[in-house]
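*Asks:* My questions are about this predicted structure, shown below with the sequence.
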Amino acid sequence: MAKQKIVQEYYTGERALFQAEDLEIYDTVFDDGESPLKESRNITVRNSLFRWKYPFWYAENVDIESCTFFEMARAGIWYTKKLRMKDVIVEAPKMFRRCTGLDIEHVSFPDAKETFWNCCDIKLKNIEAKGDYFAMNSSDMEISGLSLVGNYSFDGVKNVTVRDSRLISKDAFWNAENVTIYDSFITGEYIGWNSKNVTLINCTVESLQGFCYMDNVVLKNCRTINTTRSFEYSTVDAEVINRIDSVVNPAGGIIRAAEIAELDMSDPKIDKTKTKIVITGEKAE
């Protein structure tokens, strides 16, 4: 069944296309009026503008490309299944919540606070985002080329892979589980607290009190910059190819580094015999 085409229309008013099905929408403006495509199915949207709140709630099979969501299109996509978005600017905060099956590529989120909350089955590729509490409690995420500026990101996530990304984020990956990060840069205080099964491979990290209170944190071929009071009360398997500025009271495992400027294992709560320290003396260029 061919989709009906809508071209160069201008919609206002609440639920303008409520329960719409099998539509192709081109060069159209959705202005003042909530929930224009609520409960919609099998919708393709190209070169269109969304200016008001809640455009896609409880929708399914949505394909959005070369569109713009303005600031008042806040809380725009909630409770939606199977959505693709490419080459889009999303100015609106709180964009995705309790969605499943998201494929998001080359999208800019200049106000990404509280975006991607409680979502699952997510692919993010070449994303720019700025905002706090990004991706809270989401799961089954595949991420590549993410540039994020925003604190408290990835709190409570599970089953996440991150590649080739740059994160400026205090308190990133708290309460997380089963996270693997490749070839990325992370800077921010208190990275990874209360998380388990977190692995970093070929990454660079800068963090005050990073990797504390963690169960099975692994660093492979990583660098640290200005990383102090690290690994406190954590079980760890770390291979750091330059200097760690300080390590404090790890709970167990092995830490290999070219140098550890300050090592403190004086806390009576820990058994220092459970942690092996290996100084390689081989500093990476």
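*Replies:* Now that the structure is in, tell me what you want to look at.
*Asks:* For the helix or strand containing E24, enumerate the helices and strands it packs against.
*Replies:* If you go by DSSP states H and E, E24 is part of strand 21-26. Helices and strands touching strand 21-26, as assessed by 3 or more CB pairs under 8 Å, 6 or more residues apart in numbering; DSSP states H and E, comprise strand 4-7, strand 41-46. From N, CA and C alone the C-beta is placed, and that goes for glycine too.
*Asks:* Could you pull out the buried residues of the first one?
*Replies:* For strand 4-7, burial by neighbour count (16 or more other CB atoms under 10 Å) applies to I6.
*Asks:* Pull the residues that contact the following helix or strand past it.
*Replies:* Per DSSP H and E, the first helix or strand lying C-terminal to strand 4-7 is strand 10-11. Here strand 10-11 makes contact (CB atoms under 8 Å, 6 or more residues apart in numbering) with 17, 28-31, 33, 36.
*Asks:* wait, isn't G252 in contact with T275?
*Replies:* Yes: counting by CB atoms under 8 Å, G252 does reach T275; the two are 5.5 Å apart.
*Asks:* Please say which of these two ends up with more neighbours.
*Replies:* Set G252 next to T275 and count neighbours by other CB atoms under 10 Å: T275 wins out with 21 against 16.
*Asks:* Give me the pLDDT value at the nearest residue to that one once chain neighbours are set aside.
*Replies:* Spatial nearest neighbour of T275, excluding adjacent residues (CB to CB, 6 or more residues apart in numbering): P250 at 4.7 Å. pLDDT recorded at P250 is 98.
*Asks:* one step back: can you list residues touching both of G252 and T275?
*Replies:* V236.
*Asks:* Identify each buried residue in stretch 9-23, please.
*Replies:* In stretch 9-23, counting by 16+ other CB under 10 Å, buried: 11, 15-17, 20, 23.
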